[in-house]
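> Would you be able to build a 3D model of this:
(one chain, ligands or ions: 2)
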Amino acid sequence: MDSNHRPMIEMQEVVKTFKNAAGEFTALRGVNLCIEPGEFISIVGKSGSGKSTLLNMITGIDHPSKGQVVIGGKDIYTGVTESQRSRWRGRNLGIVFQFFQLMPMLTLVENVMLPMDLAEMYDFDERPERARGLLTLVGLEKYVNKLPVLVSAGQQQSAAIARALACDPPLLVADEPTGNLDSKSANSIMDLFEEQSRRGKTIVMVTHDPSLTERTSRTLVISDGLLVKDSRADLDQDKGKRKVS
Ligand code: ADP
Ligand code: MG
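Ligands and ions are numbered 1, 2, ... in the order given. This is a model prediction of the structure:
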């Protein structure tokens with residue numbers, strides 16, 4: 001590895017405690033994690049184990065109570081304001097949610113242009129063309145001018161992936177992206193992630209579905225706020241499938 005090498009994600013002793021009227025609850029109890037560029041990670045664990053909380057530490061949507069999170073060499077919390085973090089997020093991360101979270105009053109192409117507008121990335125005139133190109137990449141070229149409600153759930157999630165790619169971020173983060181999809185649509189969403197993984201994106205995906213983990217290069221298991229298992233897959237050349245070693 002060259003001297004410029006740095007991990008995509010480093011978490012050190014990350015603790016997250018929620019405080020509210022009911023008292024305190026520690027959702028992450030000291031997470032240490034290192035993810036290299038190009039890895040395709042699945043995170044599994046029971047409901048309430050801390051998966052979403054962990055992702056929110058990576059995206060900067062929430063902040064740790066203790067510990068350090070470094071993404072692409074940048075400590076995203078120490079000495080960083082909320083608005084700086086939000087700007088950083090817009091330029092460096094693509095986020096995919098379980099319920100797509102497309103803007104209902106915007107067409108698909110407008111939805112995909114939005115992150116470029118917000119991050120002020122790419123020339124103004126270039127944005128529509130780039131958005132259409134991304135929608136074509138995910139198989140939605142025929143639907144660019146449709147409102148989200150007029151396409152299927154699977155197609156909405158494909159559009160959300162196109163939107164996540166809008167600013168060409170090195171890192172894609174997805175929280176149960178197939179959780180609301182039938183298995184055929186889930187399969188095509190996994191195809192899209194695999195394609196992005198082959199193109200060199202780093203992907204961190206939380207999933208409820210253990211069968212999806214065999215399509216990722218590494219699986220982390222979280223239980224009660226701690227990482228309890230970390231297994232890597234070798235690509236089985238004969239079958240073109242990944243095998244957990
Ligand atoms: P998962 O995504 O694995 O289902 P979460 O990360 O959403 O789990 O939640 C982990 C634990 O933290 C759960 O017990 C949940 O109730 C608690 N939790 C999550 N967010 C909050 C919050 N904002 N306030 C209090 N408790 C929370
Ligand atoms: Mg969750």
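> Which parts of this protein are strands?
For the chain, strands defined by DSSP state E occupy the ranges 9-20, 23-35, 40-44, 66-71, 74-75, 93-96, 171-175, 202-206, 218-223, 226-236, 241-244.
> what's near enough to touch Asp230?
By CB atoms under 8 Å, 6 or more residues apart in numbering, Asp230 lies in contact with 218-221. From N, CA and C alone the C-beta is placed, and that goes for glycine too.
> okay if I get the strands of the chain as TSV plus distance to Gly139 and mean pLDDT?
Listed next are these as TSV, based on distance: least, CB to CB, whole Å; pLDDT from 0 to 100:
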stretch	distance to Gly139	mean pLDDT
strand 9-20	29	97
strand 23-35	28	97
strand 40-44	20	98
strand 66-71	30	98
strand 74-75	34	96
strand 93-96	16	98
strand 171-175	17	98
strand 202-206	19	98
strand 218-223	27	98
strand 226-236	25	85
strand 241-244	22	54
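> Quick one, which of those strands gets closest to Val138.
Proximity to Val138, assessed across the strands of the chain by CB to CB, is greatest for strand 93-96 (11.4 Å).
> Low-confidence bits of the protein, can you list those?
Low-confidence segments of the chain, defined by pLDDT under 70, span residues 1-3, 235-245.
> Could I get the full set of helices for it?
The residue ranges that make up the helices of the chain, judged by DSSP state H, are 51-59, 82-92, 108-119, 127-137, 153-164, 183-198.
> What distance do you get for Asn180 to Ser47?
For Asn180, the distance to Ser47 equals 15 Å [CB to CB, to the nearest Å].
> Give me the more crowded residue out of those two.
It is Asn180, of Asn180 and Ser47, that has more neighbours when counted by other CB atoms under 10 Å, with 16 against 7.
> so which residue of the protein comes closest to ligand 2?
When CB to the ion is the measure, the chain has its nearest residue to ligand 2 at Ser52, with 3.2 Å between them.
> Name the nearest residue to Val80, sequence neighbours excluded.
Setting aside the residues directly before and after it, Val80 is nearest to Trp88 in space (CB to CB, 6 or more residues apart in numbering), at 7.4 Å.
> Gln156 too?
Nearest non-adjacent residue to Gln156, counting by CB to CB, 6+ apart: Phe100, 4.5 Å away.
> next one: phi and psi at the one you found?
Dihedral angles of Phe100 (phi, psi; degrees, to the nearest 10) stand at phi 60, psi -50.
> The residue nearest to Lys16 when sequence neighbours are not counted - how many residues pack around it?
Using CB to CB, 6+ apart and skipping the chain neighbours, the partner closest in space to Lys16 is Leu28 (4.1 Å). If you count neighbours by other CB under 10 Å, Leu28 ends up with 27.
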